[in-house]
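A.B. asks: I need the structure of the sequence given here:
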Amino acid sequence: MKRLINLTPSRGGRWLLGLLPFLVVAMVYLSLSNARLAENPNDRLLPAPATMANTFYTMASEENQRTGQIVLWADTFASLERLLIGVAISALIGLSVGLINGGLPLIRAKFSPLVTVISLIPPMAILPILFIAFGTGEAAKIALIVIGVTPFLIRDLQGHALRLPDEQLIKAQTLGGNSWQVLTRVLLPQLTPRLLNATRLALGTAWLFLIAAEAIAAQEGLGYRIFLVRRYLSMDVILPYVAWITLLAFLLDQLLARTSRIAFPWYHAEEGDKP
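C.D. replies: Numbering: from 1, shown residues only. Next up, the predicted model:
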C-alpha cells in the first residue's frame, strides 16, 4: 500500500488538481450571486459574470469620451511602466549591494545593519514623505516600490552569497584571483539566477505598493481605477480589474521563471526543480 506522501500526480493530474480550487470558488460565487440577484436584480455587490464581462469588454474596447483613451489599456500600461521601472531599479541595487555585502566582510559589517533597519521600516509609513520629497508624480510611486522591494532582495542575495561553499572562494584565490575577480566570476554568476527567483517572490509586494500609491495620488493606473469606482460600489469594474491584475502578475512571474530556466538550467538542476 502506497503512503500518501509518496503519491505523485501525473502532469495532467497536476493541472486538474490545480484547477479544482478555482472551480470551487467559481461555483460558490455563482451560487451566492444568483441568490442575491434573485432577491434584488439591482444588487451591485455580487454582479453576474455576464455583467462583469460586458463591463470589462467596454473598458477594453471603447474610448473614454473625456480623455480619448481606452481606459483598460491606459491603466494597464501606466501601472506596468511604474512596476517594471521600480522592480528593475530594485533588482539592480539589490544585486550590486547583495554581491558586495555578501563577498566583502568589511563592507558587510558597515552596511548590513543599515539594510536590516531599512527593511524593518514599513514603506507605507513613509509614503507621505515620498510625496513631499518627490511630489505626486511618477517618481514617488517608483520610489515606494524601490524602498519596499530592495531591502528584501539585498538580504536574500547576501544570505545566498554567504551560504556558498568556502572552497569555491579559496580555490579562486589559490588560482590567483583578486577580490574583484572573485566577486564577478564566482559570486555574480551564482547570484544572478537567485536574483530572478527573489524578484519573483517580491512581485506581489511590488504590486501592493504600486496599487497603494496609485490609490492615493494618480490620474491613471489599475489601482487608481479600483479606488475611483469603489465609491459607487462598482463591483462589476473592481472584480474584473482584480482578476486582470492577478493575470498580469501571473504572466510576469511565469516570464521570470521561464527566463531563469532557459538562462540558468544548471541552477534549477541543483535546486531539484521538476518540470
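A.B. asks: use CA for all of it now, contacts and neighbours both
C.D. replies: Noted.
A.B. asks: can you tell me which residues contact Ile70?
C.D. replies: Met59, Ala60, Ser61, Glu62, Glu63, Asn64 (C-alpha atoms under 8 Å, 6 or more residues apart in numbering).
A.B. asks: and the pLDDT for the most centrally placed residue in the chain?
C.D. replies: In the chain, the centroid-proximal residue (C-alpha atoms, centre = their mean) is Leu203; its distance is 1.2 Å. Per-residue confidence for Leu203 comes out at a pLDDT of 94.
A.B. asks: distance from whichever strand or helix holds it to the middle of the chain?
C.D. replies: Following DSSP states H and E, the helix or strand that holds Leu203 is helix 188-216. Helix 188-216 has its C-alpha centroid displaced from the chain centroid by 5 Å (C-alpha atoms, centre = their mean, to the nearest Å).
A.B. asks: which helices and strands does that helix pack with?
C.D. replies: helix 71-103, helix 138-163, helix 222-229, helix 235-263 (3 or more C-alpha pairs under 8 Å, 6 or more residues apart in numbering; DSSP states H and E).
A.B. asks: okay, buried residues for the longest one please.
C.D. replies: By neighbour count on 16 or more other C-alpha atoms under 10 Å, the buried set for helix 71-103 is 71-72, 75-76, 78-80, 82-84, 86-87, 89-91, 93-103.
A.B. asks: quick one: low-confidence ranges for the chain?
C.D. replies: 1, 270-275 (pLDDT under 70).
A.B. asks: rerun at 50
C.D. replies: Regions of the chain meeting the criterion pLDDT under 50 cover residues 275.
A.B. asks: find the nearest non-adjacent residue to Gln168, please.
C.D. replies: With C-alpha to C-alpha, 6 or more residues apart in numbering as the measure, Val186 is the residue that lies nearest to Gln168, at 7.4 Å, once sequence neighbours are left out.
A.B. asks: same check, this time on Ile100
C.D. replies: Nearest residue to Ile100, sequence neighbours excluded (C-alpha to C-alpha, 6+ apart): Ile107, at 7.0 Å.
A.B. asks: tell me, how many residues neighbour the one you found?
C.D. replies: As a burial measure, the neighbour count of Ile107 was computed by other C-alpha atoms under 10 Å and equals 13.
A.B. asks: ok and the helix or strand hosting it relative to helix 138-163, angle-wise?
C.D. replies: Counting by DSSP H and E, the secondary-structure element that holds Ile107 is helix 105-120. Counting by axes from the mean of the first three to the mean of the last three C-alpha atoms, to 10 degrees, helix 105-120 lies at 130 degrees to helix 138-163.
A.B. asks: tell me which other helices or strands helix 105-120 touches.
C.D. replies: In terms of contacts (3+ C-alpha pairs under 8 Å, 6+ apart), helix 105-120 is packed against helix 71-103, helix 138-163.
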